[in-house]
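Asks: based on what follows, work out the 3D shape:
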Amino acid sequence: MLKKIHGYLKLFGINLKVFALSIAGLPVYLRNFNLLKKQIEQGNNEFPLGDNFPCLSDRYEDAGVLPLHYLHQDRYVASRIFQLNPEKHVDIGSRIDGFIASVSVFRTIEVFDIRPVSYSLPNVVFRQADLMDTGRVPADYCDSLSSLHAIEHFGLGRYGDPVNINGHKTAIESIYQMLKPGGRFYFSVPIGKQRIEYDAHRVFSVSYLLELFQSKFEVDRFSFIDDENTLHENAELNNELLARVNQFTFGCGIFELIKK
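Replies: I've put the predicted structure just below:
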């Protein structure tokens, strides 16, 4: 129950954990401020005090706090693209400040997203497009394509897209259309007990995904992140593993698929 309350409060910008840590950090902040102020008053005034900018909870957090799904998948898929060096790589909706930024360090990447982008990055070409409008998707456009932690949102309206219960299927159809025969598709979504957590995302059963891919793609590699946020690279997709990953609470499946 407390977890649910915490989740709902976060919707309105209230994070109970950060609040509690900030209260704990307030006495330390005031003590350190007074120490610093005294040292400045004693003549160490190369840096005068400006506006206050309290960071009350940081001293209690781990170094490098970030969503581990994104850390693992972005590093892994970026390294695969670097190794295979495709002719033209396109991305659909992946995280710009993670995966896209990483890939753009070593090659040009073209990014399609339903939302506009108001800034530019070197080696990144932005295109605003709705991938659920299959009639406007270019055919045989690229030999390599990625969509990481994105397709679970399609059709739920979270990012201004039209509500469509089969939005993920339409997105897969559009990607199949964009890829050249034999092209490689890097795909990741949350995996576990299949459900919609509205209006955030879908969680997919891996068995369901394999059936969805069957007529369009061959699975070349399967990697996954388990409920403990551990990455397992190039795992063997046998019945024992399927039974395990289908019961995850919120894992991440990373597929490397080849267009048939």
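Asks: correct me if wrong: residue 224 contacts residue 251.
Replies: Yes: assessed by Cβ atoms under 8 Å, residue 224 is found in contact with residue 251 at 5.9 Å. C-beta coordinates here come from the backbone N, C-alpha and C atoms, glycine included.
Asks: quick one: the strands in this protein, in order.
Replies: Using DSSP state E, the strands of the chain run over residues 89-92, 109-113, 124-128, 142-148, 179-191, 195-197, 201-203, 217-225, 231-232, 251-259.
Asks: dump those to JSON lines, plus distance to residue 169, mean pLDDT and mean neighbour count.
Replies: Converted to JSON lines, the strands of the chain look like this (distance: least, Cβ to Cβ, whole Å; pLDDT from 0 to 100; neighbours: other Cβ atoms under 10 Å):
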{"stretch": "strand 89-92", "distance to residue 169": "14", "mean pLDDT": "97", "mean neighbour count": "23"}
{"stretch": "strand 109-113", "distance to residue 169": "18", "mean pLDDT": "95", "mean neighbour count": "22"}
{"stretch": "strand 124-128", "distance to residue 169": "22", "mean pLDDT": "94", "mean neighbour count": "14"}
{"stretch": "strand 142-148", "distance to residue 169": "14", "mean pLDDT": "98", "mean neighbour count": "23"}
{"stretch": "strand 179-191", "distance to residue 169": "13", "mean pLDDT": "97", "mean neighbour count": "21"}
{"stretch": "strand 195-197", "distance to residue 169": "14", "mean pLDDT": "92", "mean neighbour count": "12"}
{"stretch": "strand 201-203", "distance to residue 169": "11", "mean pLDDT": "92", "mean neighbour count": "20"}
{"stretch": "strand 217-225", "distance to residue 169": "13", "mean pLDDT": "97", "mean neighbour count": "19"}
{"stretch": "strand 231-232", "distance to residue 169": "27", "mean pLDDT": "95", "mean neighbour count": "16"}
{"stretch": "strand 251-259", "distance to residue 169": "15", "mean pLDDT": "97", "mean neighbour count": "22"}
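Asks: among those strands, which is nearest residue 68?
Replies: Of all these, it is strand 217-225 that lies closest to residue 68, at 7.0 Å by Cβ to Cβ.
Asks: output the closest one as CSV, nothing but the C-alphas.
Replies: What follows is strand 217-225 as a C-alpha-only set of coordinates in CSV (Å, rounded to 0.1, in the frame of the first residue of the first chain):
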residue,chain,number,x,y,z
PHE,A,217,12.0,-11.8,-38.1
GLU,A,218,14.5,-14.4,-37.0
VAL,A,219,16.0,-14.0,-33.5
ASP,A,220,19.7,-13.8,-33.9
ARG,A,221,20.5,-12.9,-30.2
PHE,A,222,18.5,-12.5,-27.0
SER,A,223,19.9,-10.7,-24.0
PHE,A,224,18.0,-9.7,-20.9
ILE,A,225,18.0,-7.7,-17.7
